[in-house]
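**Student:** Fold the following, please.
(one chain, ligands or ions: 1)
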Amino acid sequence: MITFEQVSKAYLGKYAIKDITTTLPKGKIIGVVGPNGTGKSTTLKLIAGLIRPTKGRVTVDGMEVDRKISKHVTYLSELDEYYTMYSVMETVQFFATQFEDFNLSKAEEMIQFMKLDPNTKVKHLSKGNRGRLKIILSLARDASYILMDEPLSGLDPMVRDTIVKGLVSFIDLEKQTVLISTHEVSEIEPMLDYVVAIKDNQFVEVADVDQLRQEEQLSIVEWMKKIYAS
Ligand SMILES: Nc1ncnc2c1ncn2[C@@H]1O[C@H](COP(=O)(O)OP(=O)(O)OP(=O)(O)O)[C@@H](O)[C@H]1O
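**Tutor:** Numbers count the residues shown, from 1 in each chain. This next block holds a predicted model:
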């Protein structure tokens, strides 16, 4: 369970998010959505302990978040952060030495699923294939919380659908909670259980995406259009 207690984050005196109090459930795939610059990355980084709130408290399973939370939380950033001299397999093996919960056989399975050549050096991978490698590195950890900041950026629209389906099959919702930030909601919509949209520094939440579809006959994309139009 992730809680925000009166959390604000300001950069140079300007708020990205302001006075948020909420609880995000466990065992769900949660979309963090909104237009550019609304605070999606900020929200994920606060949960990952990469930045500190200006005010308030963020907790994960009752633990106040600081950098040590990375034992329980994996964060896939928008940036590349690996050694380009390593091959795909060497990178995966290196990560296995860094994280106790890294599941090497799951990583190998995902390399096959993503159709990556394990022997290719990272510096020779296309942008899309680096994107695939990043997804593998974050999902191969048996961490309780998986945070993915724009995981589909740089990936060919033709393969996104397959990758999204693959992502779901590698997540164990009995033990894991996933937060995915994106402004390309339509592509991940089928996998989402719960949605946090950020508008005017506040969270607007949909606790049950199926209910939204059944009772209000709205897709998330349609719901977002309504929110951001008002
Ligand atoms: N390190 C920083 N220094 C100053 N301002 C920042 C910093 N990081 C983020 N911001 C500002 O905070 C606001 C929220 O940024 P954030 O990156 O969280 O948004 P986002 O929704 O993830 O955007 P995008 O979709 O473009 O990635 C923006 O106005 C951004 O310019």
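
**Student:** going forward, measure contacts and count neighbours with C-alpha atoms only.
**Tutor:** Will do.

**Student:** so what secondary structure elements neighbour the helix-or-strand element of the chain with minimal mean pLDDT?
**Tutor:** Least confident helix or strand, the chain: helix 157-169 with a mean of 82, by mean pLDDT, DSSP states H and E. Using 3 or more CA pairs under 8 Å, 6 or more residues apart in numbering; DSSP states H and E as the contact test, the elements touching helix 157-169 are helix 185-188.

**Student:** per-residue pLDDT, residue 82?
**Tutor:** For residue 82, the pLDDT comes out at 67.

**Student:** So what touches the least confident helix or strand of the chain?
**Tutor:** The contact list for helix 157-169, computed with CA atoms under 8 Å, 6 or more residues apart in numbering, reads 113, 114, 152, 187, 188, 191.

**Student:** now do 10 Å
**Tutor:** Helix 157-169 is touched from outside by 29, 110, 113-114, 128, 132, 135-136, 139, 151-155, 178, 187-192, with contacts defined as CA atoms under 10 Å, 6 or more residues apart in numbering.

**Student:** Quick one: buried ones out of these?
**Tutor:** 29, 110, 114, 132, 135-136, 139, 151-155, 178, 188-189, 191-192 (16 or more other CA atoms under 10 Å).

**Student:** related to what we said a few turns ago, out of the contacts of helix 157-169, which sit inside strands?
**Tutor:** 29, 178 (DSSP state E).

**Student:** how near is residue 179 to residue 128?
**Tutor:** 21 Å (CA to CA, to the nearest Å).

**Student:** should've said residue 19
**Tutor:** For residue 19 relative to residue 128 (CA to CA), the value is 37 Å.

**Student:** residue contacts, the residue lying closest to residue 170 once chain neighbours are set aside?
**Tutor:** In this structure, residue 170 finds its nearest non-sequential neighbour in residue 139, 7.0 Å apart by CA to CA, 6 or more residues apart in numbering. By CA under 10 Å, 6+ apart, the residues touching residue 139 are 74-76, 102-103, 106-107, 110, 133, 145-148, 167, 170-172, 178.

**Student:** What are the buried residues along stretch 53-71?
**Tutor:** For stretch 53-71, by 16+ other CA under 10 Å, it's 53, 56, 57, 58, 59, 60, 65, 66, 69, 70.

**Student:** Report the mean per-residue pLDDT for that stretch.
**Tutor:** 95.

**Student:** let's have the chain start at 852 instead
**Tutor:** In the new numbering, first residue 852, that becomes stretch 904-922.

**Student:** near the ligand, which residues of the protein show up?
**Tutor:** When proximity is defined by CA under 6 Å from any ligand atom, the chain lies next to the ligand at 862, 867, 886, 887, 888, 889, 890, 891, 892, 893.
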